[in-house]
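[1] dropping the sequence and predicted coords here.
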Amino acid sequence: MHLVVGLALPAVVVFDLAIASQVFGHRDEQQRYAFTTASLVPGGVPTTSGYAVQACHGLRVLADADTVVLPGYAPRTLPADPVLQALRAAAGRGARIVSVCTGAFALAAAGLLDGHRATTHWRDAAEFAARHPTIKVDPDVLYIDVGPVPTSAGVAAGIDLCLHLVRLTTAPRSPSASPARWWWRRTAGAVRRSSSNGGCCRRCFPAGVGRGHLLHHRRALLGHPLGPGHPPKVHRRRRPVPGSHGRRRGPAQA
């Protein structure tokens, strides 16, 4: 049984943690994986979504983990020293240490990414590179799997990385159905993306333009003409002609 531990730091991004729990902890995977959560101490861990999640274990469980998944967290402060020591110990004995989104900041603080290529959320990539100049930061990919410390880009890219790891460690249920494809079918999701599809995410928003700017711009477009002599188009549903029953009138009826 492959034990996967989701290590939740304070102010954890709950979506990132949920990715690991859904991929590795779903009841359909109980024959392959065991999933649990951990933190510095057992108990409630605050999230970025306004509520707490429950950490079932303290750091001791990392000593038994085959894979440790570190979700994103904010603000990206330096993790407590016992957390860094536990990560180094797990990596030292051969456990696979995985980060989702800004979880890479904790792996970098533990020294696990020194000299390696890594990624994180494109919005935080510049800060990540400035803090850790020995790491080769690539913001234009969905995930990087180099050595025992894979990293993923922002949020949903964690799904791509976790399913990539499933493909590496799990035999197909049938020749035509890989475990990852079965997961997508179960969750009614789309087909998988390759690790090189991440650049589009970073280019969606120009530098310095946030969601508020875009919403303001959209309201302006909806409420005002697009330019001189170009009023906004309004698409109205045509009403059927009485007696036509929705049929288009021919030339004789025009």
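    Perfect, I can see it now.

[2] where in the stretch 101-250 of the chain is pLDDT low?
    Scanning the stretch 101-250 of the chain with the threshold set as pLDDT under 70 gives 170-250.

[3] where exactly do the strands run in the stretch 1-150 of the chain?
    Per DSSP state E, counting those that start in this stretch, the stretch 1-150 of the chain carries strands over the ranges 2-7, 33-38, 43-46, 52-55, 67-70, 96-99, 117-118, 136-137, 143-144.

[4] any idea how many residues pack against the residue nearest to residue 104 when sequence neighbours are not counted?
    Computed as Cβ to Cβ, 6 or more residues apart in numbering, the closest residue to residue 104 that is not its neighbour in sequence is residue 120, at 4.2 Å. For glycine as for every other residue, the C-beta is placed from the backbone atoms N, C-alpha and C. Burial of residue 120 is recorded as 31 neighbouring residues (other Cβ atoms under 10 Å).

[5] so who does residue 120 touch?
    With Cβ atoms under 8 Å, 6 or more residues apart in numbering as the criterion, the residues that contact residue 120 are 99, 101, 102, 104, 105, 128, 137, 139, 151, 153, 154.

[6] how about a markdown table for those residues, with distance to residue 114 and neighbour count added?
    What follows is the contacts of residue 120, written out as a markdown table (distance: Cβ to Cβ, whole Å; neighbours: other Cβ atoms under 10 Å):
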| residue | distance to residue 114 | neighbour count |
| --- | --- | --- |
| 99 | 14 | 30 |
| 101 | 20 | 28 |
| 102 | 18 | 25 |
| 104 | 12 | 31 |
| 105 | 14 | 28 |
| 128 | 13 | 22 |
| 137 | 12 | 23 |
| 139 | 19 | 20 |
| 151 | 13 | 33 |
| 153 | 20 | 31 |
| 154 | 22 | 24 |
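
[7] of these, just say which sits nearest to residue 74.
    Closest approach between those and residue 74, by Cβ to Cβ: residue 102, at 6.5 Å.

[8] okay, the residue lying closest to the closest one once chain neighbours are set aside and residue 106: tell me how far apart.
    Distances taken as Cβ to Cβ, 6+ apart put residue 72 closest to residue 102, at 3.9 Å, once the chain neighbours are dropped. Shown here: residue 72 relative to residue 106, a distance of 9 Å by Cβ to Cβ, to the nearest Å.

[9] and for the two, which residues touch both?
    When contacts are counted by Cβ under 8 Å, 6+ apart, residue 72 and residue 106 have residue 99 as shared neighbours.

[10] quick one, which of these two is more surrounded?
    Regarding residue 72 and residue 106, a neighbour count based on other Cβ under 10 Å identifies residue 72 as having more, with 29 against 24.

[11] inside helices: which ones of the contacts of residue 120?
    Per DSSP state H, helices hold the following members of the contacts of residue 120: 104, 105, 128.

[12] with just CA atoms, put stretch 64-75 into PDB.
    Written as PDB, here are the backbone C-alpha positions of stretch 64-75 (Å, rounded to 0.1, in the frame of the first residue of the first chain):
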ATOM      1  CA  ASP A  64       6.200   6.300   7.000                       C
ATOM      2  CA  ALA A  65       5.100   8.200   3.900                       C
ATOM      3  CA  ASP A  66       5.900   7.000   0.400                       C
ATOM      4  CA  THR A  67       4.700  10.400  -1.100                       C
ATOM      5  CA  VAL A  68       4.300  13.700   0.700                       C
ATOM      6  CA  VAL A  69       2.200  16.300  -1.100                       C
ATOM      7  CA  LEU A  70       2.700  19.900   0.000                       C
ATOM      8  CA  PRO A  71      -0.200  22.100  -1.100                       C
ATOM      9  CA  GLY A  72       0.100  25.900  -1.600                       C
ATOM     10  CA  TYR A  73      -0.200  28.300   1.300                       C
ATOM     11  CA  ALA A  74      -0.400  32.000   1.800                       C
ATOM     12  CA  PRO A  75       1.300  34.100   2.900                       C
END
